[in-house]
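Trainee: Fold the following for me, if possible:
(4 chains)
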There are 2 protein chains.
Amino acid sequence: MSIQTRRERERAEREKLIITAARELAEAEGWEAVTTRRLAERVEYSQPVLYSHFKGKGAIMAAVAVEGFAEMAEELRAARTTPPEGAAGGQGVNPAAGLAGVARAYTAFAERRPALYDAMFRQDVDLPFATPEAPAPLWAAFNELVEALRPYAGDDDLGLLVETFWAALHGLATLTRGGRLPRHEHDRRLALLLARFTT
Amino acid sequence: MSIQTRRERERAEREKLIITAARELAEAEGWEAVTTRRLAERVEYSQPVLYSHFKGKGAIMAAVAVEGFAEMAEELRAARTTPPEGAAGGQGVNPAAGLAGVARAYTAFAERRPALYDAMFRQDVDLPFATPEAPAPLWAAFNELVEALRPYAGDDDLGLLVETFWAALHGLATLTRGGRLPRHEHDRRLALLLARFTT
DNA sequence: ACACCAAATCTAGCACCGCTAGCGAATCTG
DNA sequence: CAGATTCGCTAGCGGTGCTAGATTTGGTGT
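Mentor: Sure, this is the predicted structure:
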């Protein structure tokens, strides 16, 4: 039984290596630069090895995306529960500041890790979304938005409100990144959005 | 001078033919199915002819995108100035109904012409955006949103408000299309968004 | 210690991609 | 009708994602 487990462990390590390499390559040069050949060379195995771990390039991107959701969830959580600067206050944070922090953290994440964000939200990367089968990190990230928005739901359905707010953040992030919106007024747009969702 | 102009006319016709073929192919099978080989076969010319009209596949997509902006502008205008159903009222329309109509028309356009929408907003298709050099149809579409939102700007900068609202619509459209948001509650999300922007 | 066998891995290749050099045919000019 | 020029073609380059089949590796039983 020992040999079997050792092999499984080595396999898992190699899989992690592939995901990390794919992510680094994507973050450095974008997803179009992540080819199976370059990726194979980078992990020092031949191409077919990739296909013994993943169904194809899309599945590798999906794996990277899941990592991305986990990191985003962490960052959103930090933004929601940590006061922006010193500022007294125990664990509770001013709700408006919390939502603003989460919104800023979200768009900052998209700006700082564009390749990760692409894998998560832009590419067609068949992962289950918006169903119980969706990966846990995805729900973790979503739930941060839920908690940040809860104080402002009023009579509205909280889930729908979160989806709508999330869509707005996603729109701002992607349109800015695609050059459709000038970057230098991003903060003002964000403030405007927050004002409309914190009445 | 006649021969010259005839040649130019024929060239222009062929260019239009290429754009139309690209658009049809994309709408039928998605942009990944639009290859230079298939496109060339469809217009019954060889591949290199495409490159005598456009710098590359990206430029063809950009041309299709411009067509898309023109059509979207028309549809938004119609939605803004036409009462939804019979409903008395001359040329002026209830502002809230106008904005709701525009929002519905926007997301409906994205849903009905996904390939066109992709070329306009999702692909990296170097067109100038958010500058005076942007193609006129793009401004036309944007201006429909401006007019629809004008009554609700209040003290906010109208341009920024439009950009923010547009981002929200774009987010709803793309996340829904990508399977990130369940389609069946789209209307409720739209209503929720409208409520937040029409106070 | 060695031959065997199964599993893991690689080499080589398929069909396709965007794009282009350079040749041959068609068209206009004198 | 000869020459010049524009035009569109054939053929091919270096790349893509992915896979069939040979080959090496590593554990096993004698």
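
Trainee: Does A:Ala62 lie in a helix or a strand, and which?
Mentor: Using DSSP states H and E, the element containing A:Ala62 is helix A:57-81.

Trainee: What parts of chain A come near chain B?
Mentor: Chain A has residues A:121-122, A:124, A:126, A:129-130, A:156-157, A:160-161, A:163-164, A:166-172, A:174-175, A:178-182, A:185, A:188-189, A:192-193, A:195-197, A:199 near chain B, with proximity defined as CB under 8 Å from any CB of the partner chain. C-betas here are computed from N, CA, C, even on glycine.

Trainee: Buried members of those residues into ChimeraX, please.
Mentor: In ChimeraX, this line selects whichever of these come out buried by 16 or more other CB atoms under 10 Å in any protein chain shown:
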select /A:121,122,129,130,156,160,161,163,164,166,167,168,169,170,171,172,174,175,178,179,180,181,185,189,192,193,196,197
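
Trainee: Return the subset of the residues of chain A next to chain B lying in strands.
Mentor: Filtering these for membership in strands, criterion DSSP state E, returns an empty set.

Trainee: related to what we said a few turns ago, now check the helix holding A:Ala62, is it near DNA strand C?
Mentor: No - applying CB under 7 Å from any atom of the strand, one finds helix A:57-81 out of contact with DNA strand C, separated by at least 13.5 Å.

Trainee: how about that helix: buried residues?
Mentor: Buried residues in helix A:57-81, counting neighbours by 16+ other CB under 10 Å, are found at A:57, A:59-70, A:72-77, A:79-81.

Trainee: near DNA strand D at all, that helix?
Mentor: Yes - applying CB under 7 Å from any atom of the strand, one finds helix A:57-81 touching DNA strand D at A:Lys57, A:Gly58.

Trainee: and that helix, average pLDDT?
Mentor: Per-residue confidence for helix A:57-81 averages out to 97 on the pLDDT scale.

Trainee: That helix packs against which elements?
Mentor: Here helix A:57-81 touches helix A:2-29, helix A:95-112, helix A:114-117, helix A:136-149, going by 3 or more CB pairs under 8 Å, 6 or more residues apart in numbering or on different chains; DSSP states H and E.

Trainee: Can you give the distance of stretch A:20-30 from its chain's centre?
Mentor: Mean C-alpha position of stretch A:20-30 versus that of the full chain (CA atoms, centre = their mean, to the nearest Å) differs by 15 Å.

Trainee: wait, I meant stretch A:46-61
Mentor: When distances are taken as CA atoms, centre = their mean, stretch A:46-61 is centred 22 Å away from the chain's centroid.

Trainee: For chain A, which residues are neighbours of DNA strand C?
Mentor: Counting by CB under 7 Å from any atom of the strand, the positions of chain A adjacent to DNA strand C are A:Arg7, A:Tyr45, A:Ser46, A:Gln47, A:Pro48, A:Val49, A:Ser52.

Trainee: Look up how far B:Pro114 lies from the third one.
Mentor: For A:Ser46, the distance to B:Pro114 (CB to CB, to the nearest Å) stands at 37 Å.

Trainee: Please say which of these two ends up with more neighbours.
Mentor: Neighbours of A:Ser46 and B:Pro114, each counted by other CB atoms under 10 Å in any protein chain shown, are more numerous for B:Pro114; the result is 18 against 11.

Trainee: quick one: pLDDT of the spatially closest residue to A:Glu27 that is not a sequence neighbour?
Mentor: Using CB to CB, 6 or more residues apart in numbering or on different chains and skipping residues adjacent in sequence, the residue nearest A:Glu27 is A:Ala115, 4.6 Å away. pLDDT, A:Ala115: 98.

Trainee: before we move on, what about the one 4 residues further on?
Mentor: The predicted local confidence for A:Ala119 comes out at a pLDDT of 98.

Trainee: so how far is DNA strand C from it?
Mentor: Here A:Ala119 is placed at a distance of 22 Å from DNA strand C (CB to the nearest atom of the strand, to the nearest Å).

Trainee: quick one: the nearest residue to that residue once chain neighbours are set aside from chain B, how far?
Mentor: Using CB to CB, 6+ apart and skipping residues adjacent in sequence, the residue nearest A:Ala119 is A:Ala65, 4.0 Å away. Distance, A:Ala65 to chain B, by CB to the nearest CB, to the nearest Å: 11 Å.

Trainee: So A:Ala65 is in contact with A:Val125, correct?
Mentor: Yes - with contact defined as CB atoms under 8 Å, A:Ala65 reaches A:Val125; the gap is 5.8 Å.

Trainee: tell me the domain ranges of chain A?
Mentor: Described in terms of automatic domain parsing, the domain architecture of chain A consists of the residue ranges A:1-53, A:57-197.

Trainee: Could you dump these into TSV with distance to B:Gly101 added?
Mentor: Shown next, in TSV, are those (distance: least, CB to CB, whole Å):
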stretch	distance to B:Gly101
domain A:1-53	37
domain A:57-197	18
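
Trainee: Now do the buried residues in stretch A:107-120.
Mentor: Neighbour counts over stretch A:107-120 (16+ other CB under 10 Å) mark A:Thr107, A:Phe109, A:Ala110, A:Arg113, A:Pro114, A:Ala115, A:Leu116, A:Tyr117, A:Asp118, A:Ala119, A:Met120 as buried.

Trainee: The helix or strand bottoming out on mean pLDDT in chain A packs against which elements?
Mentor: For chain A, scoring each helix and strand by mean pLDDT, DSSP states H and E identifies helix A:2-29 as the least confident one, at a mean of 90. Counting contacts by 3+ CB pairs under 8 Å, 6+ apart, helix A:2-29 packs against helix A:36-43, helix A:47-53, helix A:57-81, helix A:114-117.

Trainee: and chain A, which residues reach DNA strand D?
Mentor: Taking CB under 7 Å from any atom of the strand as the measure of proximity, chain A contacts DNA strand D at A:Ile3, A:Val34, A:Thr35, A:Thr36, A:Arg37, A:Arg38, A:Gln47, A:Pro48, A:Tyr51, A:Gly56, A:Lys57, A:Gly58.
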